[in-house]
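# Quick one, fold the following:
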Amino acid sequence: MDTNNGRHNASNGVPINGRLDAPNGVDTTDWRTHLPPDGRQRIVNKIIETLRRHHPSSGDDELRNDAVEFEDRTYTAGSSQSDYLRRISLRMLTLETRSQSNPPDPGSASTSQEQGDLES
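Reported below is the predicted structural model:
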């Protein structure tokens, strides 16, 4: 009787679920390959929405550049999809919280503040 539910012993290098990406059956597939094609763009758009709410005087190109740069840094640094999403969510929550306790001055230049909002 098979007690491994169709899986083979990883310690002998036999594939688990039909895959053998590295010695001992370790799956080395990068989590980034599992993101839907438009997933990163949707996340960038959400970041832009958040920035726009807190820095309404900034231009669209400026917001997009900051959002793309932040998302790319986070995408590169993330150790898993959940880590990537957690990092972005935490930064957006921090921005929301900071904004509620410190409303932005509508007449002030927000470029340096905005970039500082997205720094790690």
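
# residues making contact with the helix or strand encompassing residue 43?
Applying DSSP states H and E as the criterion places residue 43 in helix 39-54. Residues from elsewhere that reach helix 39-54 (Cβ atoms under 8 Å, 6 or more residues apart in numbering): 58, 63-64, 66-68, 70-71, 75, 88, 92, 95-96, 99, 104, 114, 117-118. Where C-beta positions appear, they are placed from N, C-alpha and C, glycine not excepted.

# Show me just the buried residues among those.
Using 16 or more other Cβ atoms under 10 Å as the burial test, the contacts of helix 39-54 include 58, 63-64, 66-67, 70-71, 75, 88, 92, 95, 104, 114, 117-118 as buried.

# Name the nearest of those relative to residue 32.
residue 75 (7.1 Å; Cβ to Cβ).

# so who does residue 63 touch?
48, 51, 52, 55, 114.

# Export the residues you listed as TSV, with columns for pLDDT and distance to residue 33.
Output for those, formatted as TSV (pLDDT from 0 to 100; distance: Cβ to Cβ, whole Å):
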residue	pLDDT	distance to residue 33
48	96	25
51	93	28
52	93	31
55	86	34
114	51	31
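
# got a list of what residue 92 touches?
Going by Cβ under 8 Å, 6+ apart, residue 92 touches 46, 47, 50.

# Low-confidence regions, the protein specifically.
1-28, 103-116, 120 (pLDDT under 70).

# Now for it: which helix has the highest residue count?
Taking DSSP state H as the criterion, the chain has its longest helix at helix 81-101.

# So for that helix, what gets flagged as buried?
Going by neighbour count (16+ other Cβ under 10 Å), the buried part of helix 81-101 is 84, 87, 88, 91, 92, 95.

# what's the angle between it and helix 39-54?
10 degrees (axes from the mean of the first three to the mean of the last three Cα atoms, to 10 degrees).

# Send over helix 81-101 as CSV, restricted to the C-alpha atoms.
Written as CSV, here are the backbone C-alpha positions of helix 81-101 (Å, rounded to 0.1, in the frame of the first residue of the first chain):
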residue,chain,number,x,y,z
GLN,A,81,4.8,35.5,-3.1
SER,A,82,3.4,35.9,0.4
ASP,A,83,6.5,37.8,1.5
TYR,A,84,6.3,40.0,-1.5
LEU,A,85,2.6,40.8,-0.8
ARG,A,86,3.2,41.2,2.9
ARG,A,87,6.0,43.8,2.3
ILE,A,88,3.8,45.8,-0.1
SER,A,89,0.8,45.6,2.2
LEU,A,90,2.8,46.7,5.2
ARG,A,91,4.3,49.7,3.4
MET,A,92,0.8,50.7,2.2
LEU,A,93,-0.6,50.3,5.7
THR,A,94,2.2,52.4,7.1
LEU,A,95,1.5,55.1,4.5
GLU,A,96,-2.2,55.0,5.4
THR,A,97,-1.5,55.2,9.1
ARG,A,98,1.0,57.9,8.8
SER,A,99,-1.3,59.9,6.6
GLN,A,100,-4.2,59.7,9.1
SER,A,101,-2.1,60.9,11.9
